[in-house]
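>>> Quick one, what's the 3D model for this:
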Amino acid sequence: MSADSAIDPEPVAVQPLSVDMRRLTRVGSRPSFLDYLVQLWDFRQFIFYDARARVQSGTRRDRLGSAWLLLNPIFNGLTYYLIFGLLLKTSRGIENFVGYLVVGIFVFQFSSGAITSGARSIRSNKSVVQAFNFPRAALPIGANVRELLSAVPLILAMLLIVVVLPPGEQITWLWILVVPAILLQSLFNLGVGLILARIISRVHDVTHLLPFMLRAWMYGSAIFYTYDRFITHPEILAVIKLNPLFNVIDIIRDCVLYARVPQWQSWATLAAWALGALAVGLVYFWKGEESYGRG
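Okay, the predicted model is just below:
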C-alpha cells in the first residue's frame, strides 16, 4: 500500500436509503378515532388527579370555601319555593313539594355546571392547548369529572334534606338507583359539553347564549311544577317528557320521594340520550382536533 493511498483513501460510495413515507405522520395531525380513544385512556390518571385538585382549590378564595357548593342550590331552592310554591301556587297537587323542588334544583345544578364547564374548557385553556400536544378531549372530560366529584356532596346533602325536612322521607333500597341515574346524567352532560366545546372554540359568542339556553331548559323540565297540570294533550305531553333532564329528575323523585320503581321507559329514554350524546359528542369533537387553539 502506497503512502498516497493511506493518506487519501477513496471515498465510499453513498448508498441510497429507502424510507416508507406511509409510516410518517404530520406533527399535530388528527389520529384515527380508535387511537384517539387510546390516547385519552392513557391520560386517565392525569384527568382524574387534575379534576380532584381543582375541586379542592376551586372555592379556596371564599370565606365559606366548599360550603358554597351546597349553599348555591339551597338558596336557589328557597327562592323558587317562595316565588313558585307560595306566590304562584305551583305546589298544588304535588306531594311533598319541598322534596320535589329540592331534587329538581340539585339535579339541574349538576347538569348546568357540568355542561357549562365542559363547553368552556377549550376556550378557557387556550394557552395550554397551544403549548402542549395532548388529546384535547381531555379538557372537557376533566371538567366533567370535576363536576361529578363536586356533585357527590350535593347529592348527599339533597338526600339529607329530603329525610330531615317534613314530611321526612324514609330511606329505602330504591335510593341505590340514584347512582346509575347520576352516572347516565354525567355521560349526557359530557356529550353535550364536547359538542359545545368545539362550537365555542370557533364561535365565542355562543358562550353568552349558553346561560339563556340552560335557563330555558330548566323552566321546561318541570322542576317547580308538574307537566300534567298545564298540558292535557297526550301526544304533546309524551314529546315533552322525552326531555333527558326531566327523566333523570323523575327517576330520582320516584326512588327518593315516592318509594316506587321508576318506569322502564324513563330509564330507556335517559340511556338513549346519554349514550347518543356521548357518541355524537366524541366523534364531533374528534373531527375538530386539529383546529383547537388556532382561532
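
>>> roughly how far apart are residue 74 and residue 107?
For residue 74, the distance to residue 107 equals 14 Å [C-beta to C-beta, to the nearest Å]. Where you see a C-beta, it was placed from the backbone N, CA and C, and this is true even at glycine.

>>> what about these two, which has more around it?
residue 107 (28 against 16; other C-beta atoms under 10 Å).

>>> Please name the residues that touch that one.
Neighbouring residues of residue 107 by C-beta atoms under 8 Å, 6 or more residues apart in numbering: 158, 185, 245, 248, 249, 252.

>>> same thing but at 7 Å, please
The contact partners of residue 107, taken as C-beta atoms under 7 Å, 6 or more residues apart in numbering, are 248, 249, 252.

>>> likewise residue 134?
residue 43.

>>> Tell me the confidence at it?
In this prediction, residue 134 carries a pLDDT score of 87.

>>> Tell me how many other residues surround residue 236.
Count around residue 236 with other C-beta under 10 Å applied: 11.

>>> ranges for the strands of this structure?
Counting by DSSP state E, one finds no strands in the chain.

>>> show me where it has helices.
Taking DSSP state H as the test, the helices found in the chain are 3-7, 33-42, 44-57, 68-80, 97-124, 126-131, 138-164, 178-202, 206-219, 227-230, 234-240, 244-256, 264-287.

>>> out of the contacts of residue 107, which one sits closest to residue 272?
Taking C-beta to C-beta as the measure, residue 248 is the one of these closest to residue 272, at 12.5 Å.

>>> count of neighbours near the closest one?
30.

>>> okay, and for the stretch 151-295 of the chain, where does confidence drop off?
295 (pLDDT under 70).

>>> where's residue 283 relative to residue 290, distance?
Taking C-beta to C-beta, one finds residue 283 at 15 Å from residue 290.
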